[in-house]
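Engineer: take this sequence and fold it.
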Amino acid sequence: MKTKAVILAGGRGTRLFPITRDLPKTLIHIHGKPIIEYILDRVVEIGIKEIIVVIGHYGGKIKKLVGDVYKGSSIKYIINPIYEQTNSTYSLWLTKEVVGEDLLVINADTIFNRGILKYLVESNYEVALSIDDTISGSLPEDSMKVTIIDGLIRNASKKIPPERTHGDAIGIYRFKGEGVKYLFNELDLLIEKNILDQLFTFAVKAIMAKKNVYPVSTNGLSWIEIDDQNDLKEAHLVVKNILDEENYVDSSKNPFQGR
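Structural biologist: Here you go, the predicted structure:
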């Protein structure tokens, strides 16, 4: 079973206007490189050969930059034609016919240490979320907070109170086997009810009542989700930390590297 990756890149990124007025958020440059290339590099590095990118807002600019093959991995584009009226629930639902039975779902505004992705793939759970469990309690309003009880995620929402917040869902998900069926069953129900304006974590919350959803720790590795101008400023330091962490691991494997 080959793991595929879905990158959700259809949104307008309105909190970063005017930068994103005529540019997809994922094409904003950090240290001279667009966000999506940081994501693609790490997806390719862990061996994923098929990548699906859902595009909407100025999606043609993403296609022009990335192309149909990226460092040996194939890129397929799914267009969300109603991205202005919908959210990631609808964008992910559009991938139903092409995702297969094992997929990573990655928000296109999240940059992360490649080790985080490896932990998620190696965990082998049917439904799992990458969780920064080094932070808890009172998190920023826009954080996707989680409640973890007996080793399972019992809730995921931006509105969880501090006393029930045990970590931050960083925007990377894994669905495998039965987990994929559960995911698209819930997405189908939302689409049938014309609930198109929700983040797809709305569907993940519904799965929690029917199937175990596991947290996979980031183990303290660096990541950032870029939602607004403050995140964009912070991203320059966080990306430097990510590169330093990865270079440290690489040089530890090869003690002669860099000499």
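
Engineer: direction included, what does the strand ranked longest in the chain pair against?
Structural biologist: Identified as the longest strand of the chain according to DSSP state E is strand 167-176. Strand pairing for strand 167-176, determined by DSSP bridges: strand 102-107 (antiparallel), strand 127-132 (antiparallel), strand 144-149 (antiparallel).

Engineer: please enumerate the strands of the chain.
Structural biologist: 4-9, 29-30, 33-34, 50-55, 69-70, 73-79, 102-107, 110-112, 127-132, 144-149, 152-157, 167-176, 214-217, 223-225.

Engineer: would you mind giving these as JSON lines with mean pLDDT and mean neighbour count added?
Structural biologist: In short, each C-beta sits where N, CA and C put it, glycine included. Output for these, formatted as JSON lines (pLDDT from 0 to 100; neighbours: other C-beta atoms under 10 Å):
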{"stretch": "strand 4-9", "mean pLDDT": "98", "mean neighbour count": "26"}
{"stretch": "strand 29-30", "mean pLDDT": "96", "mean neighbour count": "14"}
{"stretch": "strand 33-34", "mean pLDDT": "97", "mean neighbour count": "16"}
{"stretch": "strand 50-55", "mean pLDDT": "98", "mean neighbour count": "24"}
{"stretch": "strand 69-70", "mean pLDDT": "98", "mean neighbour count": "14"}
{"stretch": "strand 73-79", "mean pLDDT": "98", "mean neighbour count": "16"}
{"stretch": "strand 102-107", "mean pLDDT": "96", "mean neighbour count": "24"}
{"stretch": "strand 110-112", "mean pLDDT": "97", "mean neighbour count": "24"}
{"stretch": "strand 127-132", "mean pLDDT": "97", "mean neighbour count": "25"}
{"stretch": "strand 144-149", "mean pLDDT": "94", "mean neighbour count": "20"}
{"stretch": "strand 152-157", "mean pLDDT": "94", "mean neighbour count": "19"}
{"stretch": "strand 167-176", "mean pLDDT": "95", "mean neighbour count": "24"}
{"stretch": "strand 214-217", "mean pLDDT": "97", "mean neighbour count": "20"}
{"stretch": "strand 223-225", "mean pLDDT": "96", "mean neighbour count": "21"}
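
Engineer: who are the contact partners of the closest residue to residue 16 other than its chain neighbours?
Structural biologist: Distance criterion C-beta to C-beta, 6 or more residues apart in numbering; nearest residue to residue 16, sequence neighbours excluded, is residue 25 at 5.9 Å. Counting by C-beta atoms under 8 Å, 6 or more residues apart in numbering, residue 25 makes contact with 9, 11, 12, 13, 16, 35, 108, 109, 226.
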